[in-house]
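Novice: Prediction below, plus the sequence it came from.
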Amino acid sequence: MIKRTVTINLSTGLEARPVAQLVQVASQFTSEIYVEIGRKKVNAKSIMGMMTLGLDTGEEITLSANGQDEQDAMDSMEKFLRVQ
């Protein structure tokens, strides 16, 4: 299992469309992927779960991935969230 703290740099934050795109990125991998902020932890492959976080630009989240392709999953998720 690997964890990273990532700052969201998307200009719109994680509104509906970017959340759907992030879920698509996460769903490409077999690893379990979670997004944490504060006391909330949700499955990154769940669009409804991700929408409940209401994440905005500049917020720091913790990504965690566990599985065979965890490194690739983490790199792809981080790359998507850092796009400016």
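Specialist: Cool, the structure landed. Please read these numbers as outputs of a predicted model, since none were measured by experiment.
Novice: Can you name the residues in contact with stretch 56-72?
Specialist: If you take CB atoms under 8 Å, 6 or more residues apart in numbering as the criterion, stretch 56-72 is touched by 1-14, 29-37, 44, 53, 55, 73-74, 77-78, 81. All C-beta spots, glycine's among them, are computed from the backbone N, C-alpha and C.
Novice: Go ahead and list the helix or strand containing residue 58.
Specialist: For residue 58, there is no host helix or strand (DSSP states H and E).
Novice: same thing with the one 10 residues further on?
Specialist: When elements are assigned from DSSP H and E, residue 68 belongs to no helix and no strand.
Novice: and the contacts of stretch 56-72, which are buried?
Specialist: Buried subset of the contacts of stretch 56-72 (neighbour count, 16 or more other CB atoms under 10 Å): 6, 8, 10, 14, 29, 31-35, 44, 53, 55, 73-74, 77, 81.
Novice: Let me see the ranges of the strands in the chain.
Specialist: Using DSSP state E, the strands of the chain run over residues 2-7, 32-37, 40-43, 60-66.
Novice: Adding mean pLDDT and distance to residue 24 as columns, could you present those strands in JSON lines?
Specialist: Below are the strands of the chain laid out as JSON lines (pLDDT from 0 to 100; distance: least, CB to CB, whole Å):
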{"stretch": "strand 2-7", "mean pLDDT": "94", "distance to residue 24": "18"}
{"stretch": "strand 32-37", "mean pLDDT": "97", "distance to residue 24": "12"}
{"stretch": "strand 40-43", "mean pLDDT": "96", "distance to residue 24": "14"}
{"stretch": "strand 60-66", "mean pLDDT": "96", "distance to residue 24": "16"}
